[in-house]
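Engineer: Quick one: sequence and predicted model below, then my questions.
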Amino acid sequence: MFCSRHESSGRRRSSSPSSSRGLAASAAIALAIFLSGCVEGPLPAPVRRTGDPIVDGNAELAAAPAKDRVLWDYRIAASALRAGQYDEAKAKLDDAITRMGGIIANDESAKKARSLFANESDKTFIGEPYERAMAFYYRGLLYWRDGEPDNARACFRSAQYIDGAAVQENYRGDYVLFDYLDGLASTKLSDDGSDAFARAQTLAKHDLPAYEKDANVLCFVEFGRGPQKYAAGQYGEQLKFRAQQSRIHSARLIVGDQTANFTPWDNLSYQAITRGNRVMDYILGNKAVFKQGAEAVGDLALVGAAIAADNIYKEPRRLPPQVGPDGRLIPQRPEVEKNYDAENAAIALGVIGLIGKVAASATTPRADTRAWENLPQYLSFSALKLPAGAYPATLQFVDAQGEPVADLTRRFTLNVTDPAYDTVVILSELKR
Amino acid sequence: MNTSLRFLLVSSLVAGAAGLTGCATSSGVPNPSGVPVTEMKADERGFVAGTGIESQDLVSVTDKMARSIIAIPQIARAQTPPRIVIDPVKNETRFPINKDLFTDRIRIQLNSKATGRMTFLARDRMQALEKERALKQSGQVTASSDPNVVEFRGADYFLTGKLAGLTTRTSAGTGDYILYSFQLIDARTSEIVWEDAAEIKKQGLEDAAYR
């Protein structure tokens, strides 16, 4: 309390210090209530883990707030896809696409996320464009697997469309695989896929294989670990992506006497990084500026309050001794003067300082770092021609030296049931 | 306590109250009482909407197509009800959809409004029908007629359709135009005896929190 050192002064008005203390106490109580009001409710009970990513993911989904529903849908779908639980993956992707496939407008959670005093992570999660695009991509693979290449094509088109939000034009809609598959689906449907192929070839860093309408085994291979999000900047207001160096550089699928090589066609880390600034980044930047400003105002006002408080009581003035009636000198008691303007200024600045500090601490510019964590880094594709039958197959993931990584080599049986329909094979380095 | 002090106290209390109000909304559960189920008509635009294909589009397009087909001379003046096979529509948009919804609704509309003037053949059920015929031929189940005589009908016409789309995306929002076109094709001559289309365009702009 900035006026406590003067409590023993003789000439102060009896009501002033107590009213100042009362004010300060009121402000402190108001602050305490204010801050306690911001404390979130009890956290949900932790989910008991079983080690099965689909079971655990569903348990997390059941316990998660509605705003995180799509996030869990994404994660479970990827795990289910890798585990061969295609119906589960479809259900989760359909749920996610229903939520994020439309136009989100007049949404309360989004409006709240834009406000000064709410986190961006309060909004309903639908993910960054690379995450949304991957949901459509995976759903497209499953449509194709179900014998619906036109719906698969629709998904690849939606995925490419989602990437159209990149700030720089040369990074918009620049997935090679989505355009290539768009054209391949068109070719399979006896439409013209040449435009899509040409677009894909322009984007690709290598020569793409020409479409073969009768190549009936479509192999989709993914490897590496996808981009990770983190919050940078003074207040964590900048959403950034960390790309991990993958030890796997390519893959190889050996089926009988046929070998398909899989080099990266698309890199999700590159897609995440080249998206450019979001509109939300400007909003978070403004929040950060407000927070910084409120903190500065709070600091200045509190310093000013302290200086003003120092000037409430002037130094005692020593009065010269008076000469008494008997001619003796009578010493005078020092006189203390109170500066009421300084007191008012100190209180006013103190309150302003507190409000500034409270406003600064309540402002939440932190970027939303919720992420679809089990995405791969690289996407690749190859098509084979195989008659109906069961084929022993070996999948190898190859490192930078061109050597297969032994612990990732996988053997499985590739079943081609009806050569008239495409067999879709989805293979991932990631286990969950 | 002088006037300025009182003013300050009142101001701080007001600020505190405002802060508390703000916190109450941010820390609480959104829609704590839930959102009651709202029953809507299938041809009505709901409050959950996108620029893609929605139920109201399906209803308006299939209604229009059914009305249009009934009026053509090949159907309206046919001596015997023509037999029609519905071929699945082809989706060329960027929106994955359940394509059967279109053909099912057109068939239902035509069957209910033009009773007897046309017949639809269940080609999508051929596998089950052939299995049943095989059972009859083998004598495992009874037959009301000679099962060895082919009675599966051939089609006079094919009814099919296509959904084509065009998407525009700018900073002002997203626009999706979809052309729903349907054709009735003579199975004998491959002539297109009827064709009609419906167009729907939608635009929207996402909340800034998602841009």
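Structural biologist: Arrived safely, thanks for sending.

Engineer: So which residues on the stretch 251-400 of chain A come close to chain B?
Structural biologist: A:278-280, A:283, A:340, A:344, A:347-348, A:351, A:354-355, A:358, A:362 (C-beta under 8 Å from any C-beta of the partner chain). In short, each C-beta sits where N, CA and C put it, glycine included.

Engineer: buried subset of those?
Structural biologist: A:Arg278, A:Val279, A:Met280, A:Ile283, A:Asn344, A:Ile347, A:Ala348, A:Val351, A:Leu354, A:Ile355, A:Val358, A:Ala362 (16 or more other C-beta atoms under 10 Å in any protein chain shown).

Engineer: Can you lay out those residues as TSV showing pLDDT and secondary structure?
Structural biologist: Converted to TSV, those look like this (pLDDT from 0 to 100; DSSP: H, G, I helix; E, B strand; the rest coil):
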residue	pLDDT	secondary structure
A:Arg278	83	coil
A:Val279	81	helix
A:Met280	85	helix
A:Ile283	87	helix
A:Asn344	89	helix
A:Ile347	91	helix
A:Ala348	91	helix
A:Val351	92	helix
A:Leu354	92	helix
A:Ile355	92	helix
A:Val358	91	helix
A:Ala362	90	helix
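
Engineer: that older thread, just the residues of the stretch 251-400 of chain A next to chain B now: which is nearest chain B?
Structural biologist: A:Val279 (4.0 Å; C-beta to the nearest C-beta).

Engineer: so that closest one makes contact with B:Glu206?
Structural biologist: No: judged on C-beta atoms under 8 Å, A:Val279 makes no contact with B:Glu206 at a distance of 9.1 Å.

Engineer: Grab the nearest non-local neighbour of B:Asp207.
Structural biologist: The shortest distance from B:Asp207 to any non-neighbouring residue, by C-beta to C-beta, 6 or more residues apart in numbering or on different chains, is to A:Ala110 (3.9 Å).

Engineer: and that neighbour, how many neighbours?
Structural biologist: 21 (other C-beta atoms under 10 Å in any protein chain shown).

Engineer: Would you agree it is in contact with A:Asp368?
Structural biologist: No: if you go by C-beta under 8 Å, A:Ala110 and A:Asp368 don't touch, sitting 11.3 Å apart.

Engineer: and for those two, which residues touch both?
Structural biologist: When contacts are counted by C-beta atoms under 8 Å, 6 or more residues apart in numbering or on different chains, A:Ala110 and A:Asp368 are jointly contacted by A:Lys123.

Engineer: All the strands of the stretch 251-400 of chain A, residue numbers only.
Structural biologist: A:258-262, A:266-267, A:322-323, A:329-330, A:376-384, A:389-398 (DSSP state E, counting those that start in this stretch).

Engineer: nearest to A:Asp95, of those?
Structural biologist: For A:Asp95, the closest of these is strand A:376-384, at 21.5 Å, according to C-beta to C-beta.

Engineer: and the closest one, which strands flank it?
Structural biologist: strand A:217-225 (antiparallel), strand A:266-267 (antiparallel) (DSSP bridges).

Engineer: For B:Asp176, see how far away the residue of the stretch 1-150 of chain A found nearest chain B is.
Structural biologist: For the stretch 1-150 of chain A, the residue closest to chain B is A:Gly102, as judged by C-beta to the nearest C-beta, at 2.8 Å. Plainly put, A:Gly102 is 11 Å away from B:Asp176 if you go by C-beta to C-beta, to the nearest Å.
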